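1. Sequence and predicted structure are below.
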Amino acid sequence: MTQVMNSSDRRKRGVVLSSQGSQRLRAAEQQLSAQHNSGNPYTLDQLCAITGLSANTLVKARRRQKPVDLTTLDTYFAAFNLVLTADDYLLPEDTQRAEPSLSTQRGPLNGPLPLDSPFYVCRPGVESSGTQEILTAGAMVRLKAPCQFGKTSFINLMLGHAQDYGLRLAVVSLQAIDRRCLGDLDLTLRWFCAVVARALGLPNQLDQRWDGLFGGIYSCTDYFETYLLPASDQPLLLVIDDLDELFPYDDVATDFLGMLRAWYEQGRYGTEQNLWPKLRLAIAHSTEAWMPLNIHQSPFNVGFAVELPPFSLDQVQELALRYGLDPDDGDLLQLLDLVGGHPYLTQLTLFYLAQQQPLAAIVEQAIAYDGIYSSHLRHQLEVLEADPELSEAMAQVAASSKGIKLPPQVSFRLQGLGLVRFRQQLSVASCELYRQYFATLLEN
């Protein structure tokens, strides 16, 4: 829970910026510099003039390593028309962080955004709720969104928040596991335990602690309960990204997901004597799990669900301002129609608009083989061509302006790719870019 300080605490210890506070300031600075400084980042001298604070004070506040007075942060925020909230700062004893990167953007954004990026746009209520949930004993956060919708950037935000509060961190991406392991439950679980131990800086003790007589699920659970969790008094945030890599392997996925549900139950409803409340789980995936899961063994009907939506018109406008643009309402609506609020495609478009490329030219060349979207579109096409059922379904969607009714598994898989959205029970192309591209390439 966010700390609230009394006046005595403020005088004695001061505060430091939280990850959220730092991100808000960087975004506001970027927006103001885009409007009044030709898009160039403000120098320290310029920031001193804008805020009325000394260079030493600004450096101390921005580096987030030494406390400053709360009034100082209030002044800093007010200079950029921000209101300081209790989520924007922390007590010094709650912080365990490295100095944030001060790098500036030099090309189109590609991949997860760094924690202090001014181009991260928060969805109202989504990020704040998810990052607060992981501070709850035994919590599970379920993050679902199509590819390139910002899942990993959201995870980075969550990790920064957890680090602010002293949690241990372990991130496991199932994209890194060998295919041969995914077909074998025991190999998958041993790999999983070894990766978590390495992330925590602990030696591998699988040979001493793994007992095949009891099976992989028991041994994996015991490894956490007797070794990984007791290794520190601090809670552990375990993030499992790309969980859908497991889904094609029904038997392995069923047992692995059932194990996560059991850990959640032990952490949420266990006694004070067990260690499971120290574990906070975050799982991220794009597609639905279609293997048969008992309702009491599924992790997908418990915990705190987070679904990242596409950007709204207001969010596209806010992001445009951060790029130093001031488009009129007509251009904003045209951009929203073209890419449907898709976060990556929106960022890509705004970057090129900021490089003085006219929106009309971008729209005209949207599906060209050498257009700015060509690499993204080719990747989506390759995914579809690997599955004739999906390819045929997307061709039907692209050919229909009203939408079509598809089998549920097919429609949800296309949604997981970000290619369709739902209009009641009908699937429609999620944006004009996809409709044009796939109508042209898949018509035969």
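-> Perfect, thanks for sending it.
2. contacts and neighbour counts: CA atoms only from here.
-> Will do.
3. just the strands in this structure please.
-> Counting by DSSP state E, the chain has strands at residues 16-17, 89-90, 140-144, 168-173, 236-241, 279-285, 304-307, 420-423, 426-429.
4. Look at Thr75 and say how many residues are nearby.
-> 17 (other Cα atoms under 10 Å).
5. Please list all residues in contact with the spatially closest residue to it that is not a sequence neighbour.
-> In space, and not counting its chain neighbours, Thr75 is closest to Thr51: 6.9 Å by Cα to Cα, 6 or more residues apart in numbering. Counting by Cα atoms under 8 Å, 6 or more residues apart in numbering, Thr51 makes contact with Thr75, Tyr76, Ala79.
6. number of nearby residues for the last one?
-> Think Ala79. 18.
7. Now do the contacts for Val83.
-> Here Val83 is in contact with Asp74, Phe77 (Cα under 8 Å, 6+ apart).
8. same check, this time on His161
-> By Cα under 8 Å, 6+ apart, the residues touching His161 are Ser18, Ser19, Gln20, Thr131.
9. Rebuild these as a markdown table, extending it with distance to Leu338, neighbour count and pLDDT.
-> What follows is these, written out as a markdown table (distance: Cα to Cα, whole Å; neighbours: other Cα atoms under 10 Å; pLDDT from 0 to 100):
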| residue | distance to Leu338 | neighbour count | pLDDT |
| --- | --- | --- | --- |
| Ser18 | 36 | 24 | 83 |
| Ser19 | 33 | 25 | 74 |
| Gln20 | 31 | 22 | 77 |
| Thr131 | 31 | 20 | 85 |
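10. how near is the spatially most central residue of the chain to Val196?
-> With distances taken as Cα atoms, centre = their mean, Phe154 lies nearest the centre of the chain, 2.2 Å away. Counting by Cα to Cα, to the nearest Å, the separation of Phe154 from Val196 is 20 Å.
11. same question, Gly150
-> From Gly150 to Val196 the distance is 23 Å (Cα to Cα).
12. And stretch 32-47, end to end?
-> 11 Å.
13. May I see the buried residues of that stretch?
-> Neighbour counts using 16 or more other Cα atoms under 10 Å place Leu32, Ser33, Ala34, Gln35, Gly39, Pro41, Tyr42, Leu47 of stretch 32-47 among the buried residues.
14. if I look at the third one, how far off is Ala320?
-> Computed as Cα to Cα, the Ala34 to Ala320 distance reads 10 Å.
15. Show me the contact partners of stretch 57-64.
-> So stretch 57-64 is contacted by Val16, Leu17, Ser18, Ser22, Leu44, Cys48, Lys66, Pro67, Val68, Leu73, Glu99, Pro100 (Cα under 8 Å, 6+ apart).
16. If you could redo that for stretch 194-212, that was the one I meant.
-> Arg168, Leu169, Ala170, Val171, Val172, Arg190, Cys193, Ser219, Cys220, Tyr223, Leu228.
17. I'd say Arg268 and Ala137 touch.
-> Yes: taking Cα atoms under 8 Å as the definition, Arg268 is a contact partner of Ala137 at 6.9 Å.
18. which neighbours do those two share?
-> Pro277.
19. State the distance from Gln163 to Ile134.
-> Counting by Cα to Cα, the gap from Gln163 to Ile134 is 11 Å.
20. count of neighbours near the closest residue to Glu29 other than its chain neighbours?
-> Nearest residue to Glu29, sequence neighbours excluded (Cα to Cα, 6+ apart): Phe80, at 7.0 Å. Applying other Cα under 10 Å, we find 18 residues neighbouring Phe80.
21. now Gln355
-> Neighbours of Gln355 using other Cα under 10 Å come to 10.
22. The one 5 residues further on too?
-> Here the count is done by other Cα under 10 Å, and Ala360 has 12 residues near it.
23. How about the one 3 residues further on?
-> Neighbourhood size, Val363 [other Cα under 10 Å]: 17.
24. tell me which residues in the top helix by length along the chain are buried?
-> In the chain, with assignment by DSSP state H, the single longest helix is helix 250-269. Residues of helix 250-269 classed as buried: 250-268 (neighbour count, 16+ other Cα under 10 Å).
25. Name the nearest residue to Pro112, sequence neighbours excluded.
-> Of all residues not flanking Pro112 in the chain, Ser153 sits nearest, at 4.8 Å (Cα to Cα, 6+ apart).
26. wait, that neighbour sits on Leu113?
-> Yes: in this structure Ser153 lies within contact range of Leu113 using Cα under 8 Å: 5.3 Å.
27. For the stretch 151-300 of the chain, give me the ranges with low pLDDT.
-> The model of the stretch 151-300 of the chain has pLDDT under 70 over residues 270-272.
28. who touches the closest residue in space to Leu350 that isn't next to it in sequence in this structure?
-> Using Cα to Cα, 6+ apart and skipping residues adjacent in sequence, the residue nearest Leu350 is Ala320, 6.3 Å away. Ala320 is in contact with Asp326, Pro327, Leu350, counting by Cα under 8 Å, 6+ apart.
29. mind redoing it with 10 Å?
-> Ala320 sits next to 31, 34, 119, 314, 326-327, 332, 346-347, 349-351, 353-354 when contact means Cα atoms under 10 Å, 6 or more residues apart in numbering.
30. Next: Ala393.
-> Per Cα under 10 Å, 6+ apart, neighbours of Ala393: Leu384, Ile404, Lys405, Leu406, Pro407, Val410, Ser411, Leu414, Ser427, Leu442.
31. rewinding a little: redo the strands of the chain as a markdown table? Include distance to Gly341 and mean neighbour count.
-> What follows is those, written out as a markdown table (distance: least, Cα to Cα, whole Å; neighbours: other Cα atoms under 10 Å):
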| stretch | distance to Gly341 | mean neighbour count |
| --- | --- | --- |
| strand 16-17 | 30 | 28 |
| strand 89-90 | 31 | 25 |
| strand 140-144 | 17 | 24 |
| strand 168-173 | 26 | 19 |
| strand 236-241 | 23 | 23 |
| strand 279-285 | 20 | 24 |
| strand 304-307 | 14 | 16 |
| strand 420-423 | 12 | 18 |
| strand 426-429 | 13 | 24 |
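32. closest to Phe438 out of those strands?
-> strand 426-429 (9.4 Å; Cα to Cα).
33. so what does that closest one touch, helix or strand wise?
-> Here strand 426-429 touches helix 388-399, helix 408-416, strand 420-423, helix 432-441, going by 3 or more Cα pairs under 10 Å, 6 or more residues apart in numbering; DSSP states H and E.
34. Need these in TSV (columns: mean pLDDT).
-> Shown next, in TSV, are the helices and strands packed on strand 426-429 (pLDDT from 0 to 100):
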stretch	mean pLDDT
helix 388-399	93
helix 408-416	91
strand 420-423	93
helix 432-441	93
